[in-house]
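A.B. asks: predicted structure and sequence below. I'll ask about it afterward.
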Amino acid sequence: MSAEAPRQAGQGVPPARRIALAVLGRVLPAPGKSAPPAGAGAGQDAQAALDAALAAPGIDPRDRGLATELVYGWLRLRGRLEHIVSRLLKNPDAVPVPVGRVLTLAAYEILYCAKVPAYASVDWAVTAVRKRSGKGMAGMANAVLRRIAADPDAYADPEFYRRDRCDDLEFLSRFYSCPRWIAAMWLRDCGRDEAVAHLAAQTETPPLGLRVNAARPGARALFDALAGLPQVRLAEFPTLALPAGTDLSPAGVELHDALAGGLLSRQSAAAQLVLARLGMRDWPEPVFDACAGRGGKTLALAEAGKNVFAADMHAGRLSGLRRETARLGLPAIAAFRASATRMALSRAPGTILLDAPCSGLGVLSRRPDAKWRRGSEDLAGLIRLQRAMLEAAYAALAPGGRLVYVTCTVNPAENEQAVDRLGSRHRELVLEAEVPAAPDAALGEAFYGAVLKKP
């Protein structure tokens, strides 16, 4: 958690809180004429909004760290925080959305930011509410937040979220801060134990995923040094997972320098491992990454010595791939702008990697805004898109080639059922490997993958 320098009471809303509130307002706009409805792609991507806000000059590094912690922590636990505050209000519906957001953000600090004194959280929040809505609302804010600060342990007890004798689905939605439609889908498709494991994972800060650049001399020695750190959650060359904020210096590594020098890359460990567990080293070449984005998987393949080329619809993402290729000291990778629903290729690849756009329900710990910005009605459009991409990949694949389908979601309709639908239309396809989107306590994320061979 981030610390903050002491300040005198009543000095106004500190910079980190102002930044966090502004970012959350852009990610989840308050209902109104100018705001799209929730679940319809409402608002801005959280990381993009945060990056834009932190680009302003003169922001103290401590404020940058605290603002980031507040934005992501609040998005992970929004549902739980809103339930806590609502139980302490006489008429929750009468509280304006911006005031409620101040209350829940301050509640997050009190309950989960151990290095921030509770009195400081109460003070800035009361000041913010007074400026916006006057003394009456400020008095209410003061009373609610002081009650939370007086007994913070009460809100860690699951029974607090059952006191009105709600059903199990409502309890899970409240306690694990997840929309009911997602919790209901996981209960139906995964069973309660696995559903609870997925729900718990998305409330936690994800680990720092690192990829050692296997194309560099000394890669194994660097990996071994990092793998020897006591905090390591997972080490499987060239992939590492460590708690966020881990100090690498005991292993003789400064993260900033290692990133700048192309020795390491940040990449979700779960995203790396799904490729390894699908046998990427044995995929026929060349490998075509049809939805490359900024190239995390493309570059992992290149570092492993695979002949790879790539495409994406967004030119900005491809420029990021080119910059990363140069940083890592890799040979230039052919990359072009194209839709994965129309693969007009001049050569038939040995393998097509389809890292498909999906609902992202397997990586909600890393992208918690997705659960609030998407709705169940969005799934049908994604499934249609995935179907079109799979058909295009099948058509472009040479006989004997492999189609590798990967998602970062926990939804059988986008995973196993998508592969089954393709197989029912093209019965000659052979399922060679499959990795289910199972909970993983060390990684906190879940990816699905399948390898299909076209005879």
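C.D. replies: That came in fine, so what should we check first? Model, not experiment: these values are computed from the prediction.

A.B. asks: C-alpha only now, for contacts and for neighbours.
C.D. replies: OK.

A.B. asks: domain assignment for this protein?
C.D. replies: Per automatic domain parsing, the domain ranges recorded for the chain read 15-156, 208-266, 269-453.

A.B. asks: can you give me the first-to-last residue distance of the first one?
C.D. replies: It stands for domain 15-156. 29 Å (CA to CA, to the nearest Å).

A.B. asks: wait, which of the domains of the chain is closest to residue 191?
C.D. replies: Across those, residue 191 has its closest neighbour in domain 269-453 (12.0 Å, CA to CA).

A.B. asks: so for that closest one, what's the average pLDDT?
C.D. replies: Averaging pLDDT along domain 269-453 gives 96.

A.B. asks: about what we covered before: and of the domains of the chain, who's closest to residue 165?
C.D. replies: domain 15-156 (13.6 Å).

A.B. asks: can you give me how far the closest one is from the chain middle?
C.D. replies: Taking CA atoms, centre = their mean, to the nearest Å, the mean C-alpha location of domain 15-156 is offset from the chain mean by 20 Å.

A.B. asks: dump the domains of the chain to a markdown table, plus mean neighbour count and distance to residue 195.
C.D. replies: Converted to a markdown table, these look like this (neighbours: other CA atoms under 10 Å; distance: least, CA to CA, whole Å):
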| stretch | mean neighbour count | distance to residue 195 |
| --- | --- | --- |
| domain 15-156 | 18 | 17 |
| domain 208-266 | 17 | 22 |
| domain 269-453 | 19 | 9 |
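
A.B. asks: a markdown table for the ones you listed, including distance to residue 166?
C.D. replies: Converted to a markdown table, the domains of the chain look like this (distance: least, CA to CA, whole Å):
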| stretch | distance to residue 166 |
| --- | --- |
| domain 15-156 | 13 |
| domain 208-266 | 35 |
| domain 269-453 | 22 |
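
A.B. asks: residue 188: which of those is closest?
C.D. replies: Judging these by CA to CA, what sits closest to residue 188 is domain 269-453, at 10.5 Å.

A.B. asks: for that closest one, measure first residue to last.
C.D. replies: OK, domain 269-453 end separation, CA to CA: 26 Å.

A.B. asks: again with stretch 260-267
C.D. replies: Stretch 260-267 end-to-end distance (CA to CA) = 15 Å.

A.B. asks: give me the element residue 183 is part of.
C.D. replies: helix 180-190 (DSSP states H and E).

A.B. asks: residues touching that helix, excluding its own?
C.D. replies: 169-170, 172-173, 192, 194-195, 199, 375-376, 410-412 (CA atoms under 8 Å, 6 or more residues apart in numbering).

A.B. asks: ok, 6 Å please
C.D. replies: With CA atoms under 6 Å, 6 or more residues apart in numbering as the test, helix 180-190 has contacts from 173, 195.

A.B. asks: how far away from the center of its chain is the helix or strand just after that helix?
C.D. replies: Next along the chain after helix 180-190, taking DSSP H and E as the criterion, comes helix 192-201. With CA atoms, centre = their mean as the basis, helix 192-201 stands 17 Å off its chain's centre.

A.B. asks: same check, this time on stretch 252-266
C.D. replies: Centroid separation for stretch 252-266 versus its chain: 22 Å, with CA atoms, centre = their mean.

A.B. asks: adjacent strands (with direction) for the helix or strand residue 241 falls within?
C.D. replies: Using DSSP H and E, residue 241 maps to strand 239-242. Listed by DSSP bridges, the sheet partners of strand 239-242 and their directions read strand 208-212 (antiparallel), strand 234-236 (antiparallel).
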